[in-house]
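Colleague: based on what follows, work out the 3D shape:
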Amino acid sequence: MAEAREPAPSLAEGIAARLRDQVTGGALVPGQRLSEARLAAELDISRNTLREVFRLLTREGILRHEPNRGVFVAVPSMASILDIYRVRRLIEVPALAQAWPGHAAVDRMRAAVKRAETLQAIPDWRGVGSANMEFHAAIVALTDSPRLIQFFTQIIAELRLAFGLLDSPELLHRPYISRNAEILGRLEAGDPPGAARMLEDYLNQSERAVLEAFARLG
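Modeller: Residues are numbered from 1 along each chain as shown. I've put the predicted structure just below:
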């Protein structure tokens, strides 16, 4: 019997993935208004298709619609940040604890660490943030679960929105360049549970730093 294949994504789903990637990469920032006419022309799609894209991303919490004003990139709340980190601990820590050090995703983790180190020297802190997102996406890829991997793309897009509210991306990202390298080293040394413990401590510290910076915005 032939193996069942995942259905091909619709045009709207494909465009939504592109816009989600722009959020994750920092090109779209919290509170930014999206022009329907300009974006439809840039993406070479109809306005009806773009409206479906907007509906998809609004359900994910990445965009928000304001009646009579338009569509905006969402601004995360403190409650949503807390929930994002709760989800990250539930997904990333077990993924790393049960990882096989020879998994192909470990190469992605290594490449993300090297990219962050290169961008730090420029410095390009938005790029460092994108490399950090890739490092954590690679951790989730260790699960070999397409559903978890897809779900995590939404989580890191929301997380990047939280990062986008902060004044100093350098203060946010610099400490974690070396910590990512340390987690990778522990995994490559054949100690996934030890790497997972390091990651859990990392996530707790990152959550505190983001929440403290977010609180200062008020």
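Colleague: which residues touch the closest residue to residue 22 other than its chain neighbours?
Modeller: Of all residues not flanking residue 22 in the chain, residue 28 sits nearest, at 4.7 Å (Cβ to Cβ, 6 or more residues apart in numbering). From N, CA and C alone the C-beta is placed, and that goes for glycine too. Each residue near residue 28 by Cβ atoms under 8 Å, 6 or more residues apart in numbering is listed here: 19, 22, 34, 73.
Colleague: which one of these has the most neighbours?
Modeller: Neighbour counts for the contacts of residue 28 (other Cβ atoms under 10 Å) peak at residue 19, which has 23 neighbours.
Colleague: surely the residue nearest to residue 22 forms part of a helix?
Modeller: No: per DSSP: H, G, I helix; E, B strand; the rest coil, residue 28 lies outside any helix segment and is coil.
Colleague: now do the same for it: its pLDDT.
Modeller: pLDDT, residue 28: 84.
Colleague: mind telling me which residue is nearest the centre of the protein?
Modeller: Nearest residue to the geometric centre of the chain (Cα atoms, centre = their mean): residue 156, 2.1 Å.
Colleague: out of everything not next to it in sequence, what's closest to it?
Modeller: Spatial nearest neighbour of residue 156, chain neighbours left out: residue 133 (5.0 Å); criterion: Cβ to Cβ, 6+ apart.
Colleague: before we move on, back to that, only the C-alpha atoms, please, for the helix or strand encompassing the residue nearest to the centre of the chain, written as PDB.
Modeller: Element membership of residue 156 [criterion: DSSP states H and E] is helix 146-164. What follows is helix 146-164, C-alpha atoms only, in PDB (Å, rounded to 0.1, in the frame of the first residue of the first chain):
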ATOM      1  CA  PRO A 146       5.900  17.300  11.400                       C
ATOM      2  CA  ARG A 147       3.000  18.500  13.600                       C
ATOM      3  CA  LEU A 148       5.300  19.700  16.400                       C
ATOM      4  CA  ILE A 149       7.600  21.300  13.900                       C
ATOM      5  CA  GLN A 150       4.800  23.200  12.300                       C
ATOM      6  CA  PHE A 151       3.300  24.200  15.600                       C
ATOM      7  CA  PHE A 152       6.600  25.500  16.700                       C
ATOM      8  CA  THR A 153       6.900  27.800  13.700                       C
ATOM      9  CA  GLN A 154       3.900  29.700  15.100                       C
ATOM     10  CA  ILE A 155       5.300  29.800  18.600                       C
ATOM     11  CA  ILE A 156       8.700  31.300  17.500                       C
ATOM     12  CA  ALA A 157       6.900  33.900  15.300                       C
ATOM     13  CA  GLU A 158       5.000  35.000  18.400                       C
ATOM     14  CA  LEU A 159       8.200  35.000  20.500                       C
ATOM     15  CA  ARG A 160      10.000  37.100  17.900                       C
ATOM     16  CA  LEU A 161       7.200  39.700  18.300                       C
ATOM     17  CA  ALA A 162       7.900  39.800  22.000                       C
ATOM     18  CA  PHE A 163      11.600  40.300  21.200                       C
ATOM     19  CA  GLY A 164      10.700  43.100  18.800                       C
END
